[in-house]
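In: How does the following fold in three dimensions:
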Amino acid sequence: MKFALSLIALVLVALIVPFLLPGVAKQEGVDPNSNLPWQIQLDGQGGSMVFGLRPGASTLAEARQKLGCELEVAVIAEPNEAGALEGYCAQVSLGFVMARAIVTLEATEQAVIALRERALKAKHMESTTRKITLHPDDLRAVDAMPIKAISIIPTVNLDEATVVQRFGQPGERLVVSEKRVHLLYPDKGLDVIVDADGKELFQYVAPRQFALLREPLRAAVDPNTPAR
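Out: Okay, here's the model as predicted:
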């Protein structure tokens, strides 16, 4: 029994330490101390840079280059919605942090509908969400589109204390349930979702566009749920 407990402890340390300690889990060609999730540069004019990208300004082509992965681009749509144009990468190295990455492109509803009309196929994801594959001609064209938001899902589970240790105290804390909370950093353009039953999600926008993250949350959270 003691051996089993020791083994579990070692596994947990192996998973968590790379996120907490710089210089661990180095990969060839990757600087473990750069492009980390908490290294957000502000330009003093409502803009920011994270992972070498500027939400609201950098293009999809730049995201491919900076993230170092081949982003899979598709329209992701809920029923009765036009959907959002997103690029997805299953694994990216952000310093010593491994994560999944999603970039949301700045595309009007009319543009998304046009892409859907020319799309080759669609398939269901979780629940009723659909993933709609773009026509090859459109795949080339969307490279020039600016990215509106960047989202990452670290491979290691984190708790709220660890997030606060790295990012500081949030400007606002919205409780969704007993096990899920949003930590909002308006000055950084960041929303961190801490989920005790699932993976954490980091969402980045330009600070001047923080309403893109905050307003949907305020509308969705029960008004009787405390916000701190």
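
In: For the protein, which segments count as strands?
Out: Per DSSP state E, the chain carries strands over the ranges 41-42, 48-49, 72-77, 84-94, 97-105, 121-124, 130-133, 147-154, 172-177, 180-185, 190-195, 201-204.

In: these two touch, right, Pro37 and Glu200?
Out: No. Counting by CB atoms under 8 Å, Pro37 sits too far from Glu200 to count as a contact (10.0 Å). The way it works is simple: take the backbone N, C-alpha and C, and place the C-beta from them, glycine included.

In: Overlap of the contact sets of those two?
Out: Here Pro37 and Glu200 share the contacting residues Pro154, scored by CB atoms under 8 Å, 6 or more residues apart in numbering.

In: Give me the contact list for stretch 182-194.
Out: Residues external to stretch 182-194 that are found in contact with it (CB under 8 Å, 6+ apart): 40, 42, 48, 55, 158-160, 163-164, 167-168, 170-174, 176, 180-181, 200-210, 213-214, 217.

In: tell me how far the ends of stretch 193-200 are from each other?
Out: 6 Å (CA to CA, to the nearest Å).

In: Pull the distance from it to the chain's centre.
Out: 13 Å (CA atoms, centre = their mean, to the nearest Å).

In: what do you get for stretch 39-50?
Out: Computed by CA atoms, centre = their mean, the chain-centroid distance of stretch 39-50 equals 16 Å.

In: I would like the residues contacting that stretch, please.
Out: Stretch 39-50 is contacted from outside by 37, 54-57, 95, 150, 187-190, 204, 206-209, using CB under 8 Å, 6+ apart.

In: Closest one of those to Leu120?
Out: Ile150 (26.4 Å; CB to CB).

In: Just give me the residue right at the centre of this protein.
Out: Nearest residue to the geometric centre of the chain (CA atoms, centre = their mean): Ser151, 1.2 Å.

In: Just grab the bridge partners of that residue for me.
Out: Beta bridges link Ser151 to Ile102, Gln203, judged by DSSP bridges.

In: wait, what's in contact with it?
Out: Contacts for Ser151 (CB under 8 Å, 6+ apart) come out as 101-104, 201-204.

In: what does Ala144 give?
Out: Applying CB under 8 Å, 6+ apart to Ala144 gives the contacts 59-61.

In: and it, how far is that from Gln91?
Out: In this view, Ala144 and Gln91 are 25 Å apart by CB to CB, to the nearest Å.

In: One more: His135?
Out: Distance, His135 to Gln91, using CB to CB: 27 Å.
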